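Enquirer: No letters, just coordinates:
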């Protein structure tokens, strides 16, 4: 099974990325697992990453953990359509919190940012990055990416088509992608907190300061 999140959520990871699954509507842990970052993939152009799990569906289903299905590739999205965003707000105090809203724009683009976005009006908080944007049937329409902090009720999610691209091979090794973005020298310091603190300005300039609180808000793929 594969977990999908934003690249910036795991950008500062060391050798391992930890994934925690929680019982719905609680802080009760169902499973903790980790994956070597050498096995993670990044989308070639947009802010998405794939984290392969050691466990398969047969290991997760007995614990009540099931992947969310992707919406069909030809799903029709409309302004005013009801949506739900899921994330881990409040630095983990409010795990897997859904918020309700609507689609307010389609195919939005941002300066110096790759990809097109579904513009949404919903309560989006730190911890929503990498979380799913779903329709009332629980199908993944996109992955939450940003919030317009100078206004209210304006946020964006990458389309699920980018997830399909990532899983179909439009990807590069996560470590290689990080080296390309920060340089080989900086990539040698993923677990050095002091060194990472010095990269904050660079990360912001690269548009990698999203809504992450350091946790991975997961969107399991159907794989």
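Expert: Here it is on my side, so go on. Just so we're clear, the structure is a prediction, and the values are computed from it rather than from any experiment.

Enquirer: quick one: residue 118 and residue 146, what's the gap?
Expert: According to C-beta to C-beta, to the nearest Å, residue 118 and residue 146 sit 11 Å apart. Placement of C-beta: from N, CA and C, glycine included.

Enquirer: Touching both of these two, which residues are there?
Expert: Counting by C-beta atoms under 8 Å, 6 or more residues apart in numbering, the shared contacts of residue 118 and residue 146 are residue 156.

Enquirer: residues of stretch 130-143 that come out buried?
Expert: 130, 131, 132, 133, 134, 135, 139, 140, 141, 142, 143 (16 or more other C-beta atoms under 10 Å).

Enquirer: Widest-spaced pair of those residues?
Expert: Maximum pairwise distance among those (C-beta to C-beta): 18.4 Å, between 130 and 135.

Enquirer: is it true that residue 58 lies in a strand?
Expert: No: Residue 58 is assigned helix when assessed by DSSP: H, G, I helix; E, B strand; the rest coil, not a strand.

Enquirer: can you pull up the bridge partners for residue 4?
Expert: On the basis of DSSP bridges, residue 4 is bridged to residue 50, residue 219.

Enquirer: Break the chain down into its structural domains.
Expert: Following automatic domain parsing, one gets these domains for the chain: 2-68+164-220, 82-161.

Enquirer: so where do the helices sit in the chain?
Expert: 7-10, 57-60, 161-168, 174-182, 193-197, 200-205 (DSSP state H).

Enquirer: where along this protein do the strands fall?
Expert: For the chain, the strands defined by DSSP state E occupy 2-5, 16-22, 29-36, 41-43, 49-52, 82-89, 94-108, 117-121, 132-134, 140-147, 155-159, 171-173, 219-220.

Enquirer: So what are the sheet partners of the third one and their directions?
Expert: Next to strand 29-36 in the sheet, as set by DSSP bridges, lie strand 16-22 (antiparallel).

Enquirer: Can you point out the buried residues in the partner strand?
Expert: 17, 19, 20, 21, 22.

Enquirer: Distance from it to the middle of the chain?
Expert: Remark: strand 16-22 is offset 13 Å from the chain centroid, using C-alpha atoms, centre = their mean, to the nearest Å.

Enquirer: do the same with stretch 129-140
Expert: Distance, centroid of stretch 129-140 to centroid of chain: 11 Å (C-alpha atoms, centre = their mean).

Enquirer: Residues in contact with it: which ones?
Expert: Outside stretch 129-140, the residues touching it (C-beta under 8 Å, 6+ apart) are 4-6, 8-9, 68-72, 75, 81-88, 118, 120, 141-145, 157, 160, 163, 210-212, 216-219.

Enquirer: mind putting the domains of the chain in JSON lines, mean pLDDT included?
Expert: Conversion of those to JSON lines gives the following (pLDDT from 0 to 100):
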{"stretch": "domain 2-68+164-220", "mean pLDDT": "77"}
{"stretch": "domain 82-161", "mean pLDDT": "91"}
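
Enquirer: Buried deepest among the ones you listed, which one?
Expert: Each of the domains of the chain was scored by mean neighbour count; the highest is domain 82-161, a mean of 19, by mean count of other C-beta atoms under 10 Å.

Enquirer: ok, now how distant is the residue nearest to residue 24 when sequence neighbours are not counted from residue 151?
Expert: Excluding the flanking residues, the one nearest residue 24 by C-beta to C-beta, 6 or more residues apart in numbering is residue 96, at 6.1 Å. Using C-beta to C-beta, residue 96 is found at 27 Å from residue 151.
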